[in-house]
Structures are given as C-alpha cells and as structure tokens.
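Asks: Based on what follows, work out the 3D shape:
(chains A, B, C and D)
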Protein chains: 4
Amino acid sequence: MMPFIYKRTVRFRDTDAAGVVYFANVLAMCHEACEESLAASGINLKAFFSNPEVVIPVVHASVDFLRPMFCGDHLLIHLMTKQCSYNEFEIAYEVLAAEANKIVAKAFTRHVCINPTSRTRKELPAEILQWFQQWEV
Amino acid sequence: MMPFIYKRTVRFRDTDAAGVVYFANVLAMCHEACEESLAASGINLKAFFSNPEVVIPVVHASVDFLRPMFCGDHLLIHLMTKQCSYNEFEIAYEVLAAEANKIVAKAFTRHVCINPTSRTRKELPAEILQWFQQWEV
Amino acid sequence: MMPFIYKRTVRFRDTDAAGVVYFANVLAMCHEACEESLAASGINLKAFFSNPEVVIPVVHASVDFLRPMFCGDHLLIHLMTKQCSYNEFEIAYEVLAAEANKIVAKAFTRHVCINPTSRTRKELPAEILQWFQQWEV
Amino acid sequence: MMPFIYKRTVRFRDTDAAGVVYFANVLAMCHEACEESLAASGINLKAFFSNPEVVIPVVHASVDFLRPMFCGDHLLIHLMTKQCSYNEFEIAYEVLAAEANKIVAKAFTRHVCINPTSRTRKELPAEILQWFQQWEV
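Replies: A predicted model of the protein is given here:
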C-alpha cells in the first residue's frame, strides 16, 4: 500500500534565530500530516478533536533530524500507520525535501485512546480503525 | 495605581530566521502577562480557561514594534486594564527591555465575555471585575 | 485587480484550550499568506528571509476577530497590498470561512524596509515593488 | 550533583483544543530549560544563538507523556546533562507537576556541534563543556 503524502511549505514562523526550522515544529508538521490523513479518510476534524467521550493523545514521540529545513522549502511528509491494538496505534513519518528528494527528518508517534474525563483507556472508534488500515504500509 | 509587571525572558522558539522575535509572538507574550495577572488576583487559571459557561475571547488586538527583541533578552511587560463595561474590557501593554529600560513594543487587546455555546454576550464574572480594578491605571 | 487568495486548513496546533484558534495565530496565518504571495510573484523565500542586507519587519499589526475558527475549518485568506512609499507598505487581510463564505477575521500589517545591522530605513527592493503592484486592489 | 531546575507555568498558548498542553510544546519547554541552564552558567544567549561559527542543533529528540498538563499548572523541569564527546552531548529532562510532585513527562535530546555554513562537525566550545559538567548527574 501507499503512504499518505502531505505537502507542506516551511513557513517563517516555523524557523528560529539559527535560520532553520525549530526542532519541535517538525513534530507539529507531522501532526498536521496526521490530521490531513484523517480528513482524507472522511473524518470530520472539528467533531473528532472536540469529542467529549474520546481523545487519542500522543503518549510518545521521537524525531531524528538529518538535514536543515529553510523558510520556503517544499516538504513532502509521508505518513504510515503501524502496529495497532484495540486501544493504541503508532505512526511513522518521513519528511522529504521535495525538490532534492532527500529525507530531512524521520519521526514516530504513539497514540492511546482514552476517555478524556476519567483518562482511562478505551477502544479505538471504528472510523479510526478504518483510517489506520487505509494508510498501513 | 501601579501596572501589573510580568517578567519574561525571550526564548529561542519566540525567534524567527530574521534573528529576532517573530511579530505575532509578542501578542502571545502579552497574553501570558494577562494570565499571570489573573493568577496574581487569585483566579484559578485551569478552572477559568475550561469554564463551559463563560469565555472571554480577544475580539481585537493591535501591536506596535519599536525595537527588535533577541533570544535571551529580559523583558518587563507592564499590563494596565482600561475601559470596562458590563460585558467587555480593554488591556494596554508596554513591553520594556529590562536592562536598557526602553519600550520595545506596545500592544492593546479588547475582550468580550460570552457564553461559549451560544456565543452571545454575557456579564463579566465578579472575579474578573475585581481583577480589572486591581490593575486599572 | 484581484486579491491574492491563500487556502489554509486550521490545524490542531493553532487551537487553544477554549477549543478555537488562539488569537495571535490568526496573524501568523496572515503572514503565511504574505509569504505565499511573495512566492507566487517569483520571489525565492529562502534567499529573501536570509538576506543580510535587507529585512522588512512588521512594525504594526492589528486584527479583529468576528467568528471563532475550529480545527479542520477551511479558510481563504484574501491579501491586498495597500499604501506604499519608497521604504514601507501596508497589507490588508480578510480571513473567510470557505464553506460558509463568511468573514471570520480582518487583519492589517505595516512593514518597513531596513538594513538588519544598522536598523535604518532603506529603499524597498525592486522585486518587492513588483509584488506590491501585483496584489494591489 | 544536582540537576538544573527550571520553573515554568503552563500558558494558554501551550494548550490545544483537547484542553491540555499540545504534545510538541513539551519539547519546546524542555528547550527553554536548556536555555535557562546555559544562562545560569554565564553564557550570553543572544551571542550564543547568533554565533556565525558554531551552532549546536538538536539531532534527535524523544518524549514520553505520562499525565496531562493544564493551563496554569506549575511545572518544574529537571535538566541533567549526559554523555558527552568532543562534538556532541545529550540532555535528559523530567517534567514534574510542582504541587503534586509527580512526573508528567520525560524527554531526551541529542545535540551536535557544527559549523552552520559547511554543516560539518566541530569541537564543542569550552563554555559548553563547562556548562555540561555543571549539570551532569
């Protein structure tokens, strides 16, 4: 299967005084790719992110930086879903410089499905399982 | 009366590739000063910002940039409450470079009290009126 | 003439605990529209934003918030250049909810061309004057 | 030896529409702790972060989220330097909720010293080695 691909231009606000993208913003861009893949699977983001019964927070994130990213750079973020149990899943991301076709960063997030009030684990919603299968590599 | 004074060090994430603070982040720093002044008046921020009955969004903001701010700069943000009706108020901010004692930016925000569900105006809570009077100049 | 139009989906990171876009992030989105309009006029953003001889910082910004914006909302940001002298210019922005075709925010920025080392005013580069004329309404 | 401790109040801008701190912002807070520890060791942050000869970018970051963080929460970020060769070092962070005295997140960053133009590795400056030893546990 194919990964989901999210196109993203590096913005001025993504950068810092070293002239390149601020490290933590790369994880934020990966999360944008996740949001866009959810929308591409027909999930209503507004409803999903304000659901009072289910939230799926990130419980672990890691990222490796291979090359610097500059304002105006065109990025392609490849998203691949990985490993899924009934209440958690993982996502792998590869961030590529579009013109150079080189990997500039790799990231990874693990998400757990919980009830936002009790903060106890619960089953992943059916629409998330469908999304997961769509972008599994 | 005295303004509320909030101390803030410029952080690397506040800056952009021009080597200085990204313009919109100055308004975010002013909002931090507002939060700190609310806490100083005894308001519980967690409860205040997750109240399902009352929110007090910014409806207007403006900011003038007089001098550049660099990573590591020590800022003093002076907050003064201004103009208050039963359902809205205004805040003026002066951002000073602590060592140079020079104004680096001036900002202004107007806030309206609403019900977050209906988004119609409602009366300011009593604790906000008290906070307002405490920092009125 | 037509305004420049920038399409932008509201991201989770743009929002705050009130469930809507954090106020200062609307100005950041408008700046993204500015960057995209510069790129559309053939300006190399990486070179432009790391030019050691010329920077064009924001010296004033203001924004009015008319309606809340939620994660996943599709926005259209209309950019119109306004008022230009040899060393400064102004930009007006209208942020529309794409589906509802309603204005959700209006913003305004003023920019001054300076030498980043001396921080004294200098003439706007020719490519910026061309960009300005292209999106003047 | 003792870790460096950085006090940080959770700000509204740190949160997202799920009502808690946006995941990537926890890494940004840890970087703030790093900046503050550098300043505490006598390093001039403005000079350090705009040095045209030496930059020390993050090449790897990871973070585990144990408990949610809310607007207004008082955090204590413990910073401990780890593993150091002549051109790279690692930092471990523990983020604690101050009142509850519970760990809410753990993070880790690896940094490499490079020349920002050639992007090749170079020796860590003497002041960084001193800082490293001061906060080694």
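Asks: Okay, now stretch A:53-62: how far is its last residue from its first?
Replies: Counting by Cα to Cα, to the nearest Å, you get 27 Å between the two ends of stretch A:53-62.
Asks: Just want the residue of chain A that's nearest chain D.
Replies: A:Ser62 (3.7 Å; Cβ to the nearest Cβ). Placement of C-beta: from N, CA and C, glycine included.
Asks: is it true that that residue touches A:Ala107?
Replies: Yes: contact criterion Cβ atoms under 8 Å: A:Ser62 and A:Ala107 qualify, at 6.8 Å.
Asks: Between those two, which is the more surrounded one?
Replies: Neighbour count, other Cβ atoms under 10 Å in any protein chain shown: between A:Ser62 and A:Ala107, A:Ala107 has more, with 24 against 17.
Asks: what's downstream of whichever helix in chain A runs longest, the next helix or strand?
Replies: Longest helix of chain A, by residue count under DSSP state H: helix A:23-40. With elements assigned by DSSP states H and E, the helix or strand that comes after helix A:23-40 is helix A:45-49.
Asks: So which elements touch that next one?
Replies: Applying 3 or more Cβ pairs under 8 Å, 6 or more residues apart in numbering or on different chains; DSSP states H and E, one finds that helix A:45-49 contacts helix A:23-40.
Asks: Contacts for the helix it packs on, please.
Replies: A:4, A:6, A:8, A:14, A:45, A:48, A:58, A:61, A:63, A:65, A:69, A:75, A:77, A:79, A:91, A:93, A:95, A:105, A:107, A:109, A:131, A:135, B:13, C:9, C:11-13, C:71-72, D:22-25, D:27-28, D:31, D:57-58, D:61, D:109 (Cβ atoms under 8 Å, 6 or more residues apart in numbering or on different chains).
Asks: what do you get if the cut-off is 7 Å, keeping everything else the same?
Replies: By Cβ atoms under 7 Å, 6 or more residues apart in numbering or on different chains, the residues outside helix A:23-40 that reach it are A:4, A:6, A:8, A:14, A:45, A:48, A:61, A:63, A:65, A:77, A:79, A:91, A:93, A:95, A:105, A:107, A:109, A:131, A:135, C:11-13, C:72, D:24, D:27-28, D:58, D:61.
Asks: Also stretch A:93-102?
Replies: Stretch A:93-102 has contacts (Cβ under 7 Å, 6+ apart) with A:26, A:30, A:33, A:67, A:73-79, A:103-107.
Asks: Make a ChimeraX selection of the buried ones in those residues.
Replies: The following ChimeraX line selects those of these that are buried, judged by 16 or more other Cβ atoms under 10 Å in any protein chain shown:
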select /A:26,30,33,73,75,76,77,78,79,104,105,106,107
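Asks: From the contacts of stretch A:93-102, pick the one nearest D:Ala126.
Replies: Nearest to D:Ala126 among these is A:Arg67, at 28.2 Å by Cβ to Cβ.
Asks: Which residue, other than its chain neighbours, is closest to the closest one?
Replies: Nearest residue to A:Arg67, sequence neighbours excluded (Cβ to Cβ, 6 or more residues apart in numbering or on different chains): A:Val104, at 4.3 Å.
Asks: Tell me the span between the first and last residue of stretch A:81-95.
Replies: The first and final residues of stretch A:81-95 sit 15 Å from each other (Cα to Cα).
Asks: Show me what counts as buried in that stretch.
Replies: Neighbour-count burial for stretch A:81-95 [16+ other Cβ under 10 Å]: A:Thr81, A:Cys84, A:Glu88, A:Phe89, A:Glu90, A:Ile91, A:Ala92, A:Tyr93, A:Glu94, A:Val95.
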